[in-house]
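Student: Can you look at this prediction? I've put the sequence above it.
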Amino acid sequence: MLATTISNEKSYTTKQVISKGKFTLDDAVNEVEKSNTETKEESDGLKDGLEAPKGFTLILIIFSLCLTQFLPALDTTIVSTALSSITRDLHATAAEYTWVSASYTLASTACTPLWARCSDIVGRKLLLVVAKLCFMGGSVLAALSKSPIMMIAGRTIQGLGAGGMQIFIQLIIADIFPLKLRAKYYGLHQPAICRTIPFTSNLYHKTQYEKAKISNAFKTFDWGGSILIVGGTILLLCGLEGGASLTYSWTSGYTLGLLLSGVVALTIFIPYEWNIPSLPLIPLAVFQGRSKLAILSASFAHTFAFIAYDFFLPLYFQAVLGASPLHSALYLLILIVTMSAVASGTGIFIKCTGRFREPMWFGSMVMTLGTGLFINFGSTTEWPKLIVYQLLAALGAGTMFISPMIAMQHHLHPTEISAGISAYTFLRSLGSAVSVVCGGVVLQSTIHTNTLSTWAVDNVGHLPTHPDIDRYASGFSKLWIFYSGFCGLMLISTILIGKTSAKNQADEEAEGSSTQS
């Protein structure tokens, strides 16, 4: 239908121009070309009708988004390497060690859908400022902590803010840039420079989505779905953390009660969202179709494996190789810088070619290879292995940050973008939270210790002298076997994504019309 309309417009413009006697033939040709250019530009605006900001406004938007990304990125890269030292100074128990990390991911994961839905009501910018204030307040509380409980409280508030900041970065880019440009700008907020500038800004372009009227929006707000998904997530993760920390056994009534309650609440959430609310928190349409499910599965598996790099590689460097927290961070810099550069390059590649399946295939294969090679890490420092294996893993993981997001948005109707990004980000956050817990359980079972956190604190920064240190290194090898399996799941999922490109349907139909003409 669009092709027919474009063809009719061309025909009408040609007749109109030639009918004006004062125009020469060259003038007529120029007029037709101008009309065709305008039509193509309209189709390039994509089906969501967005016009990308330009000039100084564009620079301010990208700069402020990059600086916003700094806060949660800094937390991820620094806290994981310093966690053992922090908990040792605070005299934390094994359970408290676990909760310093778990409280952050728990809060971040549970609140993600609520941030997205509430921003549809009151606007992105206002809630982004609120999220930043939450993160800042939590950071101050954590910095002033005199006890593990105070630290956990600060980390929880930090997690609330981080969850909002991460989802709003995705939503703001989707709001103000057309689909064909989003890969480029999603990639630009990934570089390492975004992780090294301690400043944030609020200079954002006026977005084109319509905010709901507050009075009507809160009447139709999905309160039941919010309670189910937030409560179910908290119960599930608390059960996993309780069993992993070995404060309670996996067969205890406390652990089983939390796990079963969480699973039941999340299970009820699905039919509830399908049948009851007029405006569901997460429309289940975003999960319909093989390609959408494959994209979400690949993204979940990617985050599940990637977060292990941030959490367990520093633990391996410090507790097995005897590196200090500073040296551990330097070892990990190879991974972080490479991933950031590759993520940016992937965004530019998708923007230029419109192809996102190929980067996902390449990234999932290389990430599986790199994670599999981690199995070969031993009890001594071997620099060729540390460098090459991390480079391969980073090359694959970096490719998978941008491409699934663009693939997901391409398969969504413009009205589903906010809910789709919310579901996508929620699953990534859930994968992150569950990964750390499951990885800790695997490692504890393979090294045959009930006090993994205490063992890590005792060994951090010291050359290992324990007679069973080879057994500990073997435990980490089995851990990477576990994560390699999830990388394999990611690879299979990417293969199942339907054949399509990031170019809009309107572009393709317009091109087809031009060919026919």
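Tutor: Structure's in. What do you need? Numbers count the residues shown, from 1 in each chain.
Student: quick one, helices of the stretch 301-450 of the chain?
Tutor: Secondary structure of the stretch 301-450 of the chain (DSSP state H, counting those that start in this stretch): helices located at 325-353, 357-373, 383-410, 417-447.
Student: which parts of the shortest one are buried?
Tutor: Buried positions in helix 357-373, judged by neighbour count with 16 or more other CB atoms under 10 Å: 357, 359-373. No exception for glycine: its C-beta is placed from N, CA and C like everyone else's.
Student: And those, which is closest to residue 260?
Tutor: residue 371 (31.7 Å; CB to CB).
Student: Residue 71 - how many residues pack around it?
Tutor: When neighbours are defined as other CB atoms under 10 Å, residue 71 has 24 of them.
Student: ok, back up a step: of the helices of the stretch 301-450 of the chain, which is nearest residue 291?
Tutor: helix 383-410 (7.6 Å).
Student: if you average pLDDT over that closest one, what comes out?
Tutor: Per-region confidence: helix 383-410 scores 89 on mean pLDDT.
Student: I'd like to know the average pLDDT value across stretch 478-485.
Tutor: Here the average pLDDT along stretch 478-485 is 92.
Student: pLDDT score for residue 82?
Tutor: Predicted confidence (pLDDT) for residue 82: 72.
Student: could you measure the nearest residue to residue 443 once chain neighbours are set aside against residue 375, distance?
Tutor: For residue 443, ignoring the flanking residues on the chain, the nearest one in space by CB to CB, 6 or more residues apart in numbering is residue 479 at 5.1 Å. Computed as CB to CB, to the nearest Å, the residue 479 to residue 375 distance reads 9 Å.
Student: ok, those two, which is more surrounded?
Tutor: Between residue 479 and residue 375, residue 479 has the larger neighbour count (other CB under 10 Å), namely 24 against 16.
Student: For the more buried one, list the residues it contacts.
Tutor: By CB atoms under 8 Å, 6 or more residues apart in numbering, residue 479 lies in contact with 308, 312, 439, 442-443, 446.
Student: Run a quick neighbour tally on residue 469.
Tutor: If we define neighbours as other CB under 10 Å, then residue 469 has 18 of them.
Student: Return the residues in contact with it.
Tutor: Contacts for residue 469 were tallied using CB under 8 Å, 6+ apart; they are 320, 379.
Student: Excluding covalently adjacent residues, which one is nearest to residue 401?
Tutor: Per CB to CB, 6+ apart, closest to residue 401 is residue 343, 4.4 Å.
Student: Give me the pLDDT for the one you found.
Tutor: Looking at residue 343, its pLDDT stands at 86.
Student: My read is that it contacts residue 398, right?
Tutor: Yes. In this structure residue 343 lies within contact range of residue 398 using CB atoms under 8 Å: 4.5 Å.
Student: So for the two, which residue has more residues nearby?
Tutor: Applying other CB under 10 Å to residue 343 and residue 398 shows that residue 398 carries more neighbours, namely 28 against 24.
Student: hang on, the earlier thing: could you export the contacts of residue 479 as TSV, including distance to residue 495?
Tutor: TSV is the format used below for the contacts of residue 479 (distance: CB to CB, whole Å):
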residue	distance to residue 495
308	23
312	27
439	25
442	26
443	30
446	30
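Student: Between those residues, which sits nearest residue 262?
Tutor: Nearest to residue 262 among these: residue 439, at 19.2 Å, using CB to CB.
Student: With adjacent residues omitted, what lies nearest to that closest one?
Tutor: In this structure, residue 439 finds its nearest non-sequential neighbour in residue 308, 5.4 Å apart by CB to CB, 6+ apart.
Student: which residues touch the one you found?
Tutor: By CB under 8 Å, 6+ apart, residue 308 lies in contact with 435-436, 439, 479, 483.
Student: who wins for most neighbours among those?
Tutor: residue 483 leads the contacts of residue 308 on contacts (other CB under 10 Å) with 27 neighbours.
Student: Check which helix or strand that residue maps to.
Tutor: helix 469-495 (DSSP states H and E).
Student: What angle do helix 383-410 and that helix make with each other?
Tutor: Interaxial angle of helix 469-495 relative to helix 383-410 (axes from the mean of the first three to the mean of the last three CA atoms, to 10 degrees): 30 degrees.
Student: and the direction of helix 469-495 versus that of helix 417-447, what angle?
Tutor: Computed by the same axes, to 10 degrees, the angle separating helix 469-495 from helix 417-447 equals 150 degrees.
Student: how far does helix 469-495 sit from the chain's center?
Tutor: Helix 469-495 has its C-alpha centroid displaced from the chain centroid by 21 Å (CA atoms, centre = their mean, to the nearest Å).
Student: And stretch 112-125, by the same measure?
Tutor: Computed by CA atoms, centre = their mean, the chain-centroid distance of stretch 112-125 equals 17 Å.
Student: Surely residue 356 and residue 403 touch.
Tutor: Yes. With contact defined as CB under 8 Å, residue 356 counts as touching residue 403 (4.5 Å).
Student: Make sure residue 385 is actually in contact with residue 370.
Tutor: No. Between residue 385 and residue 370 there is no contact under CB under 8 Å: 11.4 Å.
Student: still on that earlier bit, for the helices of the stretch 301-450 of the chain, which one sits closest to residue 128?
Tutor: For these, proximity to residue 128 was assessed by CB to CB; helix 417-447 is nearest, at 14.1 Å.
Student: and the closest one, what does it pack onto?
Tutor: Other helices and strands packing on helix 417-447, by 3 or more CB pairs under 8 Å, 6 or more residues apart in numbering; DSSP states H and E, are helix 94-122, helix 148-176, helix 223-244, helix 290-319, helix 383-410, helix 452-459, helix 469-495.
Student: hang on, the earlier thing: of residue 356 and residue 403, which one has the most company?
Tutor: Set side by side, residue 356 and residue 403 show more neighbours around residue 403, with 34 against 26, by other CB under 10 Å.
Student: Next up, the contacts around the more buried one.
Tutor: Counting by CB under 8 Å, 6+ apart, residue 403 makes contact with 183, 346, 350, 356-357, 359-360, 363.
Student: mind giving me the domain split of the protein?
Tutor: As assigned by automatic domain parsing, the chain contains the domains 55-198+279-507, 223-278.
Student: Among those domains, pick out the one with the most neighbours on average.
Tutor: domain 55-198+279-507 (a mean of 20; mean count of other CB atoms under 10 Å).
Student: Roughly how far does residue 495 sit from residue 361?
Tutor: As judged by CB to CB, residue 495 and residue 361 stand 7 Å apart.
Student: if we can go back for a sec, where is pLDDT lowest across the contacts of residue 479?
Tutor: residue 446 (72).
Student: From residue 67, how far out is the nearest residue to that one once chain neighbours are set aside?
Tutor: Of all residues not flanking residue 446 in the chain, residue 475 sits nearest, at 3.9 Å (CB to CB, 6+ apart). With distances taken as CB to CB, residue 475 is found 39 Å from residue 67.
Student: do the same with residue 130
Tutor: Counting by CB to CB, the gap from residue 130 to residue 67 is 17 Å.
Student: One more: residue 295?
Tutor: According to CB to CB, residue 295 stands 29 Å off from residue 67.
Student: Would you mind finding the longest helix in this structure?
Tutor: The longest helix of the chain (DSSP state H) is helix 55-89.
Student: My read is that residue 347 contacts residue 405, right?
Tutor: No. Assessed by CB under 8 Å, residue 347 is found out of contact with residue 405, at 9.5 Å.
Student: which stretch of helix or strand covers residue 91?
Tutor: Going by DSSP H and E, residue 91 is not part of any helix or strand.
Student: quick one: pLDDT of it?
Tutor: Residue 91 is given a pLDDT of 78.
Student: pretty sure residue 319 contacts residue 473?
Tutor: No. With contact defined as CB under 8 Å, residue 319 does not count as touching residue 473 (9.9 Å).
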